[in-house]
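Visitor: quick one, fold the following:
(one chain, ligands or ions: 1)
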Amino acid sequence: MGILLWIKAAIVAKYYDVLQAHQATAVGVCSLTITIMIAGFLILKVYLKDDKPQSKLPPGSLGLPFLGETLQFLWALKSNKPEEFFDERVKKFGHVFKTSLLSDPTVVVTGPSGNRLLLSNENKLVVGAFPNSFLRLIGIDSLMSRSGGEYRVLRAALMTFFSPEALQNHVRKLSLKMEQHLIEKWKVRQEINVLSMVRQLNIYSICSLFFSLEDEHIQEQLLDIFEVLVLGSMSVPLDFPGTRYRRALYAKKKLNIILSPIVQERRKHLQQGSASSDKDLLSVLLTVKDGKGNLLTDKEIVDNISMLIHGGLDSTTSTITLTLKLLSSNKGCYDQIVKEQMQILSSKKEGEVVTWQDTKKMQYTWQVVQETLRMFPVGFGTFRRAIVDIEYNGYTIPKGWKLLWSVHSTHRKEAYFKDPDEFRPSRFEVEEAVAPYTFLPFGGGTRICVGWEFAKLEVQLFMHYFVKTFSDYVAIDPDENITMDPLLPLPVNGFPIKLFPRS
Ligand code: HEM
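Guide: Numbers count the residues shown, from 1 in each chain. Got it, this is the predicted structure:
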């Protein structure tokens, strides 16, 4: 079995390199094809023998032995057409189909009822299922690797920081950080690259709110580390010298070296009474107890902080960058945001910051962000694992199989959103107008994104202080494309803009 896994890994690596390089020669393709045919022939018997009877399984193709349809999937992501991977198979096989992705046979369920099946049945039919190779980069001891009771306890602990009630206490600090950054780093330039500046702003806010770290040198180091981690988490997990995955494992070690002493020092300060238990996320994590009354270990805290930075940094960066990009070509919408934010600003005295109550008045701003996330969702969906045999639409999904739901089966579909390719924030004006389980940028159910209220607050505050600091902006290249390489949708050149400061 070990050798078969090795053959599979070698094939995946070779094909992936070809995909990445975009320049396969005819000879390369031939030798690759022959390698695959021979290897495929050798392992086909084992593969088929291992398969369960297929009669009630959903229709579909498992693709090449072991390799599955991973390459088609990665290719669809890379060429900015993730929906095509799903659409082609829905057309051929119907709304539930089987495939094989990232080494595992997987059943894809599409449309609102498929989304509902996975998102409303955590611990009853399914559990969250992140690949181990991914968890090694994110943090093996983080929430993402937990299920059942352990998951509930840790999630509740994190929510003592991320619930709306708790977040209210951080609005002032976050507001001050955002405004300071915009004035000190953005306003001093006439032109900026939005993507890189927003990423800087986000790490600055995250470091300050999560563990009160203000050292810009360490923030820069964290930005580099997370760049490598994101690339590694979307690569084939080959732990060989020179691979993206190996580099990412090394980056995770560097991250542990930065975070561990911060955790240890704070634990000491809390024990000595020289830090308060609600100072920031780190203090909260150091004082919450698990179901058995135990404190979290240093390793659990480091891994959870790593997971939260991984979850929060680039997702919010993509959302803010694309919101500005879409608004730059929809000036009517931007004018409405300016009106909404200036109204809030007009009720403030000099130096007064935005409050939690003010963010409730940013309804139109949030509609714009939702529309951005509908058109350019940050991920493609998430995997679950069946914990029992699941009967669905006349098929049986066997216990142990992976399942995948996807935003791409509803977000841009005419059946759920009229004129889906048009940027129209008003479609979110009336909440009830959006059918259940059709709009899922943050997932849903008990595993809904832990940081979604925080992300909402960050984007709303950003838009407020952006409007307050600048009277307008223009795109240097209004036709700049948006790409999804490696995973998040981003403008190819980072969206350079010209800024016009308010006088
Ligand atoms: C616009 C910004 C964001 C988007 C679009 C987003 C989207 C998502 C999605 C789709 C999921 C999967 C949910 C599921 O499987 O049902 C998720 C999970 C998660 N997100 Fe976010 N996210 C964002 C911001 C954040 C932030 C700011 C944080 C933390 C500071 C965060 C932390 C997490 C974590 C820890 C999980 C895993 C939850 C679990 O497995 O229980 N995210 N997010």
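Visitor: so the protein: which segments form each domain?
Guide: Domain assignment for the chain by automatic domain parsing gives 1-55, 143-378+410-501.
Visitor: what mean pLDDT does the last one get?
Guide: So the one you mean is domain 143-378+410-501. The pLDDT scores in domain 143-378+410-501 average 95.
Visitor: now do the end-to-end distance for it.
Guide: Length of domain 143-378+410-501, first residue to last, CA to CA, to the nearest Å: 42 Å.
Visitor: and it, does that touch the ligand?
Guide: Yes. Interface with the ligand: domain 143-378+410-501 contributes 143-144, 307-308, 311-312, 315-316, 319, 373, 378, 441-444, 447-452, 454-455 (CB under 6 Å from any ligand atom). Heads up, the C-betas are built off the backbone N, CA and C, glycines and all.
Visitor: before we move on, back to that, now the domains of the chain in JSON lines, with distance to V96?
Guide: Formatted as JSON lines, the domains of the chain follow (distance: least, CB to CB, whole Å):
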{"stretch": "domain 1-55", "distance to V96": "14"}
{"stretch": "domain 143-378+410-501", "distance to V96": "15"}
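Visitor: out of these, which one sits most buried?
Guide: Greatest average neighbour count among those goes to domain 143-378+410-501 (a mean of 17), per mean count of other CB atoms under 10 Å.
Visitor: just the strands in the stretch 101-250 of the chain please.
Guide: Here the stretch 101-250 of the chain has its strands, by DSSP state E, counting those that start in this stretch, at 104-109, 126-128, 191-193.
Visitor: what does the chain give?
Guide: Along the chain, counting by DSSP state E, strands occupy 96-101, 104-109, 126-128, 191-193, 383-386, 390-392, 395-397, 402-404, 470-475, 482-483, 490-491, 496-501.
Visitor: now render those strands as JSON lines, adding distance to K292.
Guide: Converted to JSON lines, those look like this (distance: least, CB to CB, whole Å):
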{"stretch": "strand 96-101", "distance to K292": "37"}
{"stretch": "strand 104-109", "distance to K292": "33"}
{"stretch": "strand 126-128", "distance to K292": "21"}
{"stretch": "strand 191-193", "distance to K292": "49"}
{"stretch": "strand 383-386", "distance to K292": "26"}
{"stretch": "strand 390-392", "distance to K292": "32"}
{"stretch": "strand 395-397", "distance to K292": "34"}
{"stretch": "strand 402-404", "distance to K292": "31"}
{"stretch": "strand 470-475", "distance to K292": "52"}
{"stretch": "strand 482-483", "distance to K292": "47"}
{"stretch": "strand 490-491", "distance to K292": "43"}
{"stretch": "strand 496-501", "distance to K292": "52"}
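Visitor: picking up where we left off before, let me know which of the strands of the stretch 101-250 of the chain is tucked in deepest.
Guide: Neighbour counts (mean count of other CB under 10 Å) averaged over each of those peak at strand 104-109, with a mean of 23.
Visitor: strands paired with that one, and their directions?
Guide: strand 96-101 (antiparallel), strand 402-404 (parallel) (DSSP bridges).
Visitor: returning to that earlier point: tell me which of the residues of domain 143-378+410-501 next to the ligand fall in helices.
Guide: Applying DSSP state H to these, the entries found in helices are 307-308, 311-312, 315-316, 319, 373, 452, 454-455.
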